[in-house]
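**Q** need a structure here:
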Amino acid sequence: MANPQCCANPPTPNHDAGEGKVVESFGGLRSYLAKRFEAPNLRNIADKVASSGYFVVVPDFFHGNAYVPGDDVHVWIKEHTTDKGFEEAKPVIDVLKEQGVSVVGAAGYCWGAKVVAELAKANEIQAAVMLHPSFITDDDIKEVKCPIAILGAETDVTAPPEQVKQFEQVLSSSNTGIGYFVKIFPGVSHGWTVRYDNNDAAAVKSAEEALADMTDWFNKNLSEPEVAALLP
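**A** Reported below is the predicted structural model:
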């Protein structure tokens, strides 16, 4: 479930952030392409992943209607369900494949982690990364069909360390042989990977460590010559 941590310290939209480009339709969604959508930190993350050799897509699953502090978060979530995000992600992956991409990895932050879980359960992707996930259950973890990394925060009401460790237990006891990596970052809170202050050296260091872990996971599990990363 969502809690105030999910919506704390929202990014200031910046239409000019990043070195990639915005296209009005990629699989039906306005998207940021790098070789939350106007969130400068997320665009910079996409650029850095792309610099490792990936074609990166950041779809605007919220259709320009990101959560605004002060709004009723429960109403907003009902209007922006992860089920809808999952369905909208599939045409994006179809377009990637039409363009010659052979394997796809997906990383999901908070809300996006549930979308990534559904893609992993449906065999739509070949590697998954969840960062400070929301809405994830043990049953979701049991059903994933591709290598998965889960990065959690020491201070997180939505996905507390105990729950993240439980996810690790589920994965370790599985007989599927699916690769996994689970890590809890000390001294950080929910959202630390994307909603950090660039003037806070410690916050930047933790976020960059998470980015390195995510990229390493993709490098380890996406070995084909034409690959893409989807960041919901």
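**Q** Let me see the backbone angles for residue 200.
**A** Backbone dihedrals for residue 200, given as degrees, to the nearest 10, come out at phi -100, psi 100.
**Q** Can you get me a residue count around it?
**A** Residues contacting residue 200 under the criterion other CB atoms under 10 Å number 11. Any C-beta I mention is one placed from the backbone N, CA and C, and that applies to glycine too.
**Q** Also the one 10 residues further on?
**A** For residue 210, the neighbour count with other CB under 10 Å is 26.
**Q** secondary structure class for residue 152?
**A** What DSSP: H, G, I helix; E, B strand; the rest coil gives for residue 152 is strand.
**Q** So for it, what's the nearest residue that isn't a sequence neighbour?
**A** Once flanking residues are discounted, residue 152 sits nearest to residue 164: 3.7 Å by CB to CB, 6 or more residues apart in numbering.
**Q** Next one: the one you found from residue 200, what distance?
**A** Remark: distance between residue 164 and residue 200 (CB to CB, to the nearest Å) = 23 Å.
**Q** do residue 126 as well
**A** Separation of residue 126 from residue 200 (CB to CB): 35 Å.
**Q** same thing with residue 112?
**A** 23 Å.
**Q** for residue 128, same thing?
**A** Distance from residue 128 to residue 200, by CB to CB: 29 Å.
**Q** do residue 163 as well
**A** In terms of CB to CB, residue 163 sits 26 Å off from residue 200.
**Q** can you give me the helices for this protein?
**A** If DSSP state H is used as the criterion, the helices of the chain fall at 4-7, 40-50, 73-79, 82-98, 111-121, 138-143, 161-172, 201-221.
**Q** Would you check how far apart residue 125 and residue 108 are?
**A** Between residue 125 and residue 108 the distance is 10 Å, computed by CB to CB.
**Q** Give me the common contacts of those two.
**A** residue 116 (CB atoms under 8 Å, 6 or more residues apart in numbering).
**Q** what about residue 174, how many neighbours?
**A** Residues contacting residue 174 under the criterion other CB under 10 Å number 13.
**Q** That one touches residue 143, doesn't it?
**A** No: counting by CB atoms under 8 Å, residue 174 does not reach residue 143; the two are 10.0 Å apart.
**Q** what is the residue sitting nearest the centre point of the chain paired to in the beta sheet?
**A** In the chain, the centroid-proximal residue (CA atoms, centre = their mean) is residue 108; its distance is 1.5 Å. Beta-bridge partners for residue 108, by DSSP bridges, are residue 130.
**Q** give the contact list for the residue lying farthest from the centre of the chain.
**A** Note on the chain: the largest C-alpha distance from the chain mean falls to residue 175, namely 25.8 Å (CA atoms, centre = their mean). The contact partners of residue 175, by CB under 8 Å, 6+ apart, come to none.
**Q** Check the gap between it and residue 142 for me.
**A** 11 Å.
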